[in-house]
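> Using only what follows, build the 3D model:
(2 chains)
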Amino acid sequence: MRSVFVILKKEIFSFRKNFIGKLSLWFFFPLILFAVLGLPLYKLVHEVNGLNYLHWAAPGIWMASAFITTYITSFQRNNYLVTTTHVLEVFLKAPVSIWSLQTAMAIWAVISGMLQLLLALLLIGLINHEIYTLVKWIEIYVSILPIIIFAAVLGNFFGFWVRNSINATYLNTVIILLFVFSTGIFIPFTYFPESFISAIQILPIIQCINAVQDLVIYSNISLSGAFILMVFTAFLFLINGILFQKLIRR
Amino acid sequence: MEASVTLKAIAKIYRNRTILADLSFGIEKGTTFVILGECGSGKSTILKLLVGIIERDAGTAYIHGKDISTRWKETRTITGYLPQRNELDNELTVFENLTIYGQLHGLSARAAKRKAVEWSIRLGFKRMLRQSPETLSYGVRRKVSFARAIIHDPKVLLLDEPTKGLDPASKRTIWKVIDSMKGKKTILFITQDFPEAERYADRIAILNHGNIKMNGTLDRLIETTHGLTRYHLMFQNAPGKGLLEELKEIPKVIRPSLNGNDLEFYSRERTQFFKVLEIALRYGLKDIDTSHCQLQDLFTGLIEGGLE
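Model prediction:
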């Protein structure tokens, strides 16, 4: 556990080096999503289930900005370990387990995602004139947290194994496009073909996203999707650790 | 004496190439051991394997009696490793590189900071502590890497060409530190510098094709040459291949080699040398130099063959 804290400390030192740039990105990111996706789509959609589109899309902006920031942070930090300066050897020769390393990297990405979510909640709330109670904030955080953790572990996985920069760029673009445009966070499912909806709605992440939308719009709390997503995330974490353990010391 | 590092029947195959084959040797506690070998002979692989960067395919290895596979946490805590390449993190300052590494090896934050300052003073890079490693010269980065390898006061030091590419003053600084640790720590180092090996190592091992060909003290290794002498003859003009043809007729003239105006060969018997001298005079001999067989001669003979 101590080594996890030391690795986190290292990540904070690295972050500190250009924190103004990163914080600026985190600040503008939800605003850009609002401007380039929310506003143009509002012209087309207007309302979803009787709700103003901009209010309906707000959880989508929170989730997209938190997911993308967490995923990219996790991907970049893990990729940096294995490709940029061979710093991975520093951890391999230290009395640090692969699990501690993987956990620390995921925790750092989750922290980044949570900070991004905080900024997104504040900024989009201000724009939409939405004020939530503390309890609501906690509920929102708890229901989005599984998505953030999933993004961190997914970034861990691909960051370790996709080392070619062109492949990485394609992969990350596809993942972001899929999350933004096929999960029903910006484009309501009513605009998708029936067969696509029935196929995609069995995915735990979609159930989790739906639960967040239900929580904000109808105040319904459902944690079954979050639970399944957490199980899947734990499985992915395990697979990554085992593969890493087996292949990295070749 | 108690064993500090033990390797038993270690094998490592990488991309269908045997790097280490049935390698076994031991190092006593508190001694300095050097491994010599050609590039690609598997020297660095041994160190990487001991510290856990790579896994072996067969065999067992122990550090201070603990299996490096099952008790890796303990063995890595007491081991300091300086790789051939300076793998400092450019996202961190020199100071952070040192303190984070120290803490990963069990030092408290306060102790790591104190040690980082101490070593930076001793190795002469205190002014650069707040800089990023990428802004430093190779020599300073090497010193920082060295400081990082020893910051947690390890019992076993694994050094992969510690002074490669350094200026004489920096080399002296690093060797002074290593010298001060002699007898207190087990030091295993790799070098291509024969005078360094002769000067600092208690025992020397010569590695070839993934296995130890020779292992012992310098005197013991030289003894195995049974009084072999190296002769160096210099001519006024290049003597041509005819000289070599004539030398081949003389028995016990070992490894004659012609390089421009210079001829080198080995022999155990003076009488053979006189015969060579007689021939050489006909080819315009200018000067002669003789020396007893050194570590470098022994190494070349073992690697290239011909001194057996």
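
> hey, let's count contacts and neighbours off CA atoms from now on
Noted.

> what about the residue sitting nearest the centre point of chain A, which helix or strand?
Nearest to the mean C-alpha position of chain A, by CA atoms, centre = their mean, lies residue A:67 at 2.0 Å. If you go by DSSP states H and E, residue A:67 is part of helix A:53-79.

> what's in contact with stretch B:196-216?
Contacts with stretch B:196-216, where a contact means CA atoms under 8 Å, 6 or more residues apart in numbering or on different chains, come from B:18-24, B:31-38, B:41-43, B:179, B:191, B:217-218, B:221, B:295, B:299, B:302-303.

> can we see that at 6 Å?
B:19-21, B:23, B:32-37, B:41-42, B:217 (CA atoms under 6 Å, 6 or more residues apart in numbering or on different chains).

> Now the buried members of those.
B:19-21, B:23, B:32-37, B:41-42, B:217 (16 or more other CA atoms under 10 Å in any protein chain shown).

> Would you check these and say which has the weakest pLDDT?
Within the buried ones among the contacts of stretch B:196-216, residue B:41 has the lowest pLDDT, namely 84.

> Secondary structure class of it, three-state.
coil (DSSP: H, G, I helix; E, B strand; the rest coil).

> And it, how close does it get to residue A:210?
Here residue B:41 is placed at a distance of 59 Å from residue A:210 (CA to CA, to the nearest Å).

> same deal with residue A:99?
32 Å.

> Tell me which residue of chain A lies closest to chain B.
residue A:249 (4.1 Å; CA to the nearest CA).

> Which helix or strand contains that residue?
Residue A:249 belongs to no helix or strand, assigned by DSSP H and E.

> Would you mind confirming that it makes contact with residue B:56?
No. Residue A:249 is beyond contact range of residue B:56, at 8.9 Å (criterion: CA atoms under 6 Å).

> Tell me where the chain has strands.
Because you didn't say which chain, this covers chain A. A:47-48, A:51-52 (DSSP state E).

> The intended chain is chain B.
B:3-14, B:17-28, B:32-37, B:58-63, B:66-67, B:79-82, B:156-160, B:186-190, B:203-208, B:211-216, B:229-235, B:254-259, B:262-267, B:285-292.

> can you list the residues of chain A near chain B?
A:3, A:14, A:92, A:93, A:94, A:95, A:249, A:250 (CA under 6 Å from any CA of the partner chain).

> isn't the third one right next to residue B:53, touching?
What that stands for is residue A:92. Yes. The pair residue A:92 / residue B:53 is scored as a contact, 5.3 Å apart, by CA under 6 Å.

> neighbours around residue 84, how many?
Going with chain A. 14 (other CA atoms under 10 Å in any protein chain shown).

> meant chain B actually
Residue B:84, neighbours per other CA under 10 Å, totals 16.

> Touching, it and residue B:160? I think so.
Yes. Using CA under 6 Å, residue B:84 is in contact with residue B:160, at 5.0 Å.

> before we move on, the earlier item: show the contacting residues for the residue nearest to the centre of chain A.
A:148, A:151.

> ok, it to residue A:115 distance?
11 Å.

> And for the closest residue to chain A within the stretch 51-200 of chain B, nearest residue in space, chain neighbours not counted?
Proximity of the stretch 51-200 of chain B to chain A (CA to the nearest CA) peaks at residue B:54, 4.1 Å away. Ranked by CA to CA, 6 or more residues apart in numbering or on different chains and with sequence neighbours excluded, the top spatial neighbour of residue B:54 is residue A:249, at 4.1 Å.

> distance of the one you found from residue B:114?
Counting by CA to CA - residue A:249 and residue B:114 are separated by 33 Å.

> With residue A:89 instead?
Taking CA to CA, one finds residue A:89 at 24 Å from residue B:114.

> So which of these two has more stuff around it?
Neighbour totals were compared for residue A:89 and residue B:114, and residue A:89 leads with 19 against 13 (other CA under 10 Å).

> How about the more buried one, nearest residue that isn't a chain neighbour?
residue B:53 (6.4 Å).

> contacting residues for that neighbour?
A:92, A:93, A:249.

> Could you chop chain B up by domain?
B:1-78+B:155-165+B:182-223, B:85-154, B:229-292 (automatic domain parsing).

> Make JSON lines from those and add distance to residue A:83 to it.
Shown next, in JSON lines, are those (distance: least, CA to CA, whole Å):
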{"stretch": "domain B:1-78+B:155-165+B:182-223", "distance to residue A:83": "15"}
{"stretch": "domain B:85-154", "distance to residue A:83": "12"}
{"stretch": "domain B:229-292", "distance to residue A:83": "45"}
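
> for the ones you listed, which one sits closest to residue B:175?
Counting by CA to CA, residue B:175 lies closest to domain B:1-78+B:155-165+B:182-223 out of the domains of chain B; the figure is 8.2 Å.

> what's the first-to-last distance across the closest one?
24 Å.

> Quick one: distance of that domain to the chain centre.
With CA atoms, centre = their mean, to the nearest Å as the basis, domain B:1-78+B:155-165+B:182-223 stands 10 Å off its chain's centre.

> low-confidence ranges in chain A?
Scanning chain A for pLDDT under 70 picks out A:85.

> That one: helices as residue ranges?
For chain A, applying DSSP state H gives helices covering A:2-17, A:19-33, A:39-45, A:53-79, A:88-92, A:98-128, A:134-161, A:165-182, A:194-200, A:204-218, A:224-247.

> Pick the most buried one from those helices.
Mean neighbours per residue, mean count of other CA atoms under 10 Å in any protein chain shown, is largest over the helices of chain A for helix A:53-79, with a mean of 25.

> so it versus helix A:165-182, what angle?
160 degrees (axes from the mean of the first three to the mean of the last three CA atoms, to 10 degrees).

> quick one, helix A:53-79 and helix A:134-161 angle?
Using the same axes, to 10 degrees: helix A:53-79 against helix A:134-161 is 40 degrees.

> Return the distance of helix A:53-79 from the chain's centre.
5 Å.

> Just give me the neighbour total for the closest residue to residue B:38 other than its chain neighbours.
Once flanking residues are discounted, residue B:38 sits nearest to residue B:208: 7.1 Å by CA to CA, 6+ apart. The number of residues packed near residue B:208 is 22, by other CA under 10 Å.

> If residue B:208 is in a bridge, with which residues?
Judged by DSSP bridges, the bridge partners of residue B:208 are residue B:211.

> where's it relative to residue B:42, distance?
Taken as CA to CA, the span from residue B:208 to residue B:42 is 8 Å.

> Max pairwise distance over the residues of chain A next to chain B: which two?
A:14 and A:250 (28.2 Å).

> quick revisit: check the strands of chain A for me and report the most buried one.
Greatest burial across the strands of chain A, using mean count of other CA under 10 Å, falls to strand A:47-48, with a mean of 15.

> Name the strands paired with that one and say parallel or antiparallel.
Applying DSSP bridges, one finds strand A:47-48 paired with strand A:51-52 (antiparallel).

> Now tell me what touches stretch A:186-203 from outside.
Contacts of stretch A:186-203 (CA under 6 Å, 6+ apart): residue A:57.

> make it 10 Å
A:33, A:37-38, A:41-42, A:45, A:47-49, A:53-54, A:56-61, A:64, A:179-184, A:206-208, A:210, A:225, A:228-229 (CA atoms under 10 Å, 6 or more residues apart in numbering or on different chains).

> Also stretch A:8-27?
Here stretch A:8-27 has contacts from A:2-7, A:29, A:32, A:65-66, A:69, A:77, A:101, A:103-109, A:112-113, A:115-120, A:123, B:89-93, B:96-97, B:99-101, using CA under 10 Å, 6+ apart.

> C-alpha coordinates for that stretch, PDB please?
Taking Å, rounded to 0.1, in the frame of the first residue of the first chain, the C-alpha atoms of stretch A:8-27 are listed here in PDB:
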ATOM      1  CA  LEU A   8       0.800   8.600  -6.700                       C
ATOM      2  CA  LYS A   9       3.300  11.100  -5.300                       C
ATOM      3  CA  LYS A  10       5.400  10.700  -8.400                       C
ATOM      4  CA  GLU A  11       2.300  11.300 -10.500                       C
ATOM      5  CA  ILE A  12       1.500  14.400  -8.600                       C
ATOM      6  CA  PHE A  13       5.100  15.600  -9.200                       C
ATOM      7  CA  SER A  14       4.700  15.000 -12.900                       C
ATOM      8  CA  PHE A  15       1.300  16.700 -12.900                       C
ATOM      9  CA  ARG A  16       2.700  19.700 -11.100                       C
ATOM     10  CA  LYS A  17       5.200  20.300 -13.900                       C
ATOM     11  CA  ASN A  18       2.400  21.600 -16.200                       C
ATOM     12  CA  PHE A  19      -0.700  21.800 -14.100                       C
ATOM     13  CA  ILE A  20      -1.800  25.100 -15.500                       C
ATOM     14  CA  GLY A  21      -2.100  23.600 -19.000                       C
ATOM     15  CA  LYS A  22      -3.900  20.600 -17.700                       C
ATOM     16  CA  LEU A  23      -6.300  22.500 -15.500                       C
ATOM     17  CA  SER A  24      -7.100  24.800 -18.400                       C
ATOM     18  CA  LEU A  25      -7.900  21.800 -20.600                       C
ATOM     19  CA  TRP A  26     -10.100  20.400 -17.800                       C
ATOM     20  CA  PHE A  27     -11.800  23.800 -17.500                       C
END
